Every structure is written in C-alpha cells, then in structure tokens.
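Peer 1: Quick check, what structure comes out for this input:
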Amino acid sequence: MKIMKNLLSVIYFCLVSLTVVLFMQVAFYTAVIPDNFYREKTDLESFALGAYPNVRVINSGEEAIAASAGKKVVYDMTVMLYGIIPIKDVTVRQTDTPLLTPSGEAFGLKMLTDGVMVTEYGGVEGINGFRSPAKEGGIMTGDIIVSVNGIKTDTAVELSDAVQLGGERTEVTVIREGKRLILELKPEKSKEDGIYKLGIWTRDSCAGIGTLTYYDKRNMTYGGLGHSVCDADTGALLPLSRGETVPVCINNVVKGVNGRPGELCGSFMSASASGDILINTDCGVFGHANSVPNSEKIPMAFKQEIELGNAVILTTVNGMTPECFGIVIEKVDYNSDTSVKNMVIRIDDDRLLQKTGGIVQGMSGSPIIQNGKLVGAVTHVFVNDISRGYAVFAENMYEISVGLGTAESGGQAA
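Peer 2: Predicted coordinates:
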C-alpha cells in the first residue's frame with residue numbers, strides 16, 4: 001500500500017511538473033512568435049519554424065481575401081506545440097518569393113540632411129555676456145531646425161544667413177521626435193565678428209562606408225547597411241534630404257579587439273554616383289542603382305525559413321571584390337522589439353577572424369546566405385565579443401525597398 005502511495009505521488013509530481021513546463025513553453029512561444037507571416041503562393045500546407053523545431057503552423061481557417069492586401073491571399077493558421085497543443089492564431093499572407101542579387105560590395109554614402117541637426121551647445125560672447133540663446137530658448141540636441149522666420153534651412157550656411165535676417169528676435173521651427181515645434185529665440189550678437197548667433201553646433205551632411213546587401217533587378221533598387229545612418233554625437237537618425245552612393249575600394253583594415261571594434265578603411269573611387277539614396281530607415285538605406293551587376297539572383301528567405309546553424313556572409317575586406325566567409329546563426333528572434341536585431345550571429349571563419357578580428361565598422365549590410373537563400377544582413381557588433389553581433393531579416397529590408405518603384409517613374413517609399 002505504501003509503495004502504491006509513493007508511486008502515485010511520483011506520478012502526480014511528474015504530471016504537475018510537465019504541466020508547468022508546457023505552460024511555460026506556451027507562454028514563451030506566445031510572446032516570441034509574431035502574428036503575421038509571409039509564404040510562397042504555391043505553399044498552402046503547414047510549415048515549421050526554423051528556429052523552433054517543436055513548433056509548427058497548421059491550417060485552421062477558411063481562405064479569405066484581405067482588403068488591405070490587394071490580391072494577396074490571406075490564411076488564418078494556428079501555431080501548434082508538438083503538433084497537439086495550440087499556442088496562438090496567426091495570419092499568413094501568400095506572396096511571390098522575391099529573387100534578389102546578393103552583393104557584399106563596399107560602398108560610400110554621401111548624405112545631405114533634411115534640415116540642420118543640432119549636435120551640441122556652444123557659447124556666444126556678446127553684450128549680454130557668454131550665453132547660448134538656443135539652450136535658453138528650448139532648443140535640444142538632436143532637434144532638426146527646418147526653418148528660421150519661415151526661411152527653409154537645409155544647410156549650416158542657410159541657417160546662419162536666416163538668423164542674421166531675424167536679428168535680435170528669431171522664430172525657429174524644429175522637428176523633435178517627429179513633432180513640429182516653434183520656438184522664440186533671442187540671438188546674441190557676437191563681439192568677435194558682429195554676427196548674430198544661436199550658440200549651437202550643427203550638422204547638415206555626412207559621409208561614410210558601408211556594405212550593399214542586395215540589388216532588385218525588377219525595379220533597379222538596392223538595400224544596404226542594414227541599420228540607419230545616425231548622427232555620431234546625438235545618436236539620432238539623420239533626416240535625409242538627398243544622397244548618393246559611390247564605389248569604394250577597401251585598402252586597409254583596422255583589426256578589432258574585444259572592447260574596441262575595428263574598421264574597414266577605403267577610398268571613394270569616383271566622384272560620379274553609382275546610385276541615389278532615397279530613404280534612411282531603421283533597416284538601412286535604400287534607393288535606385290544606376291546599374292545592377294549581371295550576377296545570379298537567389299530567393300529571399302522568409303523569416304520562418306531561417307535555421308540555427310551554419311551560414312555564410314559576403315563582405316569586402318580588400319579591394320572591391322566581395323569574399324565568402326563562414327558564420328553561425330546562434331539565435332533567431334521573430335518578434336524582436338527592434339526591426340534590426342532579429343538574429344545573433346557569430347563569425348566562424350579563421351580567415352576573417354585573422355584579418356578583422358570579427359565584425360568591424362563598414363561591414364554592416366553584408367548579406368547572409370543560408371541554404372541558397374538570402375536571409376538577412378549584418379547590422380551590429382557586440383563590443384565585448386567582436387566575433388558576434390546582430391543581423392536583420394532580409395524580409396524586413398525588402399518590405400521597405402519594394403515600395404520604391406522604378407527610377408524612371410521617380411518612385412518613392414510607400
């Protein structure tokens with residue numbers, strides 16, 4: 001009798017433990033699995049999630065046409081754990097798998113800002129002492145000054161000229177966190193040169209080196225960098241007025257060490273643009289290419305197709321020719337809080353580690369290929385472990401570039 005009682009206690013304990021584990025798994029997958037997926041039009045059956053082998057998405061509802069999706073067919077499907085435990089319902093949209101040309105070429109960026117960004121405060125010495133009129137009037141670092149007294153200001157020179165016209169009282173329009181504000185400032189007339197000044201340092205342009213991720217031959221567009229171009233001082237996304245890309249030759253690599261990532265160093269090879277930059281977004285820069293290389297196109301992977309394990313990147317660490325290097329995809333985050341930190345990758349190629357030490361500045365945008373498909377691009381390095389870093393889904397980048405239209409039609413982002 002005692003043995004039977006002990007056995008029942010063990011069974012009860014095991015059942016409770018199993019229930020708790022299953023409950024925790026359901027809660028975890030509910031949180032990390034997104035509510036929407038894309039699939040190839042010919043794929044109507046259930047599918048697995050590459051990063052979570054215990055999970056499968058199966059048909060659960062009738063086919064429906066979503067008004068907002070145009071001609072795309074939309075299915076209701078259910079995420080199942082071990083094929084028997086429902087986790088959540090998701091929406092699956094059918095679409096054609098994009099065919100893209102992976103690049104890996106280094107490219108130069110030249111950008112002019114839409115407005116003038118305030119990077120830090122300065123001081124002006126005048127009859128009222130040493131002061132910063134901008135700080136006193138409510139200007140903050142990271143603000144974008146778009147006009148002064150109704151005069152549009154896209155450059156530091158235009159800003160200075162407009163302030164002179166306003167004299168001792170100036171109305172400044174700024175963009176702050178997407179909101180338009182109008183501030184009244186009292187510029188100080190400098191004792192040094194007699195010019196009215198606001199007491200700020202500004203930036204109206206930038207240049208740098210990154211890596212092209214892919215070309216889309218259908219509309220002559222490209223996607224690159226994998227993350228936004230931000231101001232070096234404020235960290236804010238630079239608002240783009242206009243920009244262009246130029247070819248780059250990598251002539252040196254500053255090898256990184258843990259705690260201090262390295263850098264690709266190169267030279268702009270031509271004053272002529274190889275393309276334009278139309279938008280600067282969290283997922284990278286996008287625009288039209290003047291020409292697209294006649295290289296092999298490969299399918300883009302939808303996020304659920306990405307698997308943990310081996311993959312390769314294309315990147316340029318010498319000259320102008322991309323090379324292929326081995327990496328490992330260690331983690332896939334389908335439902336990341338950001339649009340760019342979707343995967344954790346690790347460099348697993350001794351050649352690249354010896355050359356660069358790991359992921360270095362300028363490598364952002366390097367395309368990642370797995371199982372013959374473009375799965376994403378390198379975006380960030382882990383400062384304390386430069387062999388590892390983040391990557392963005394190719395799907396996230398493509399959703400932006402597909403809306404650019406063609407260069408002939410002067411298309412713009414949707």
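
Peer 1: thought Ser147 was touching Leu159?
Peer 2: No. Look at Ser147 against Leu159 with CB atoms under 8 Å: they stay out of range, at 9.5 Å. Any C-beta I mention is one placed from the backbone N, CA and C, and that applies to glycine too.

Peer 1: what touches both of those two?
Peer 2: Here Ser147 and Leu159 have Thr153 as joint contacts, going by CB atoms under 8 Å, 6 or more residues apart in numbering.

Peer 1: now Ile195, nearest residue through space, not along the chain?
Peer 2: Nearest residue to Ile195 in three dimensions, chain neighbours excluded: Gln164, at 6.6 Å (CB to CB, 6 or more residues apart in numbering).

Peer 1: Local confidence estimate at the one you found?
Peer 2: pLDDT recorded at Gln164 is 87.

Peer 1: So which elements touch the helix or strand where it lies?
Peer 2: Here Gln164 is covered by helix 156-166, with elements defined by DSSP states H and E. The helices and strands touching helix 156-166, judged by 3 or more CB pairs under 8 Å, 6 or more residues apart in numbering; DSSP states H and E, are strand 106-121, strand 144-148, strand 151-152, strand 196-197, strand 200-216.

Peer 1: For Gly243, which of those strands is the nearest?
Peer 2: Closest of these to Gly243 is strand 106-121, at 3.8 Å (criterion: CB to CB).

Peer 1: May I have the beta-bridge partners of Lys197?
Peer 2: Beta bridges link Lys197 to Glu188, judged by DSSP bridges.

Peer 1: what about it, how many neighbours?
Peer 2: As a burial measure, Lys197 scores 22 neighbours (other CB atoms under 10 Å).

Peer 1: Now do the helix holding Gln164: distance to the chain's middle.
Peer 2: 34 Å (CA atoms, centre = their mean, to the nearest Å).

Peer 1: repeat for stretch 73-88
Peer 2: Distance of stretch 73-88 from its chain centroid, counting by CA atoms, centre = their mean, is 29 Å.

Peer 1: now the helices and strands packed on helix 156-166 as CSV including distance to Val392?
Peer 2: What follows is the helices and strands packed on helix 156-166, written out as CSV (distance: least, CB to CB, whole Å):
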stretch, distance to Val392
strand 106-121, 17
strand 144-148, 25
strand 151-152, 34
strand 196-197, 41
strand 200-216, 9
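
Peer 1: Can I get the ones you listed in TSV including distance to Asn335 and mean pLDDT?
Peer 2: Shown next, in TSV, are these (distance: least, CB to CB, whole Å; pLDDT from 0 to 100):
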stretch	distance to Asn335	mean pLDDT
strand 106-121	30	89
strand 144-148	31	91
strand 151-152	41	89
strand 196-197	48	87
strand 200-216	22	91
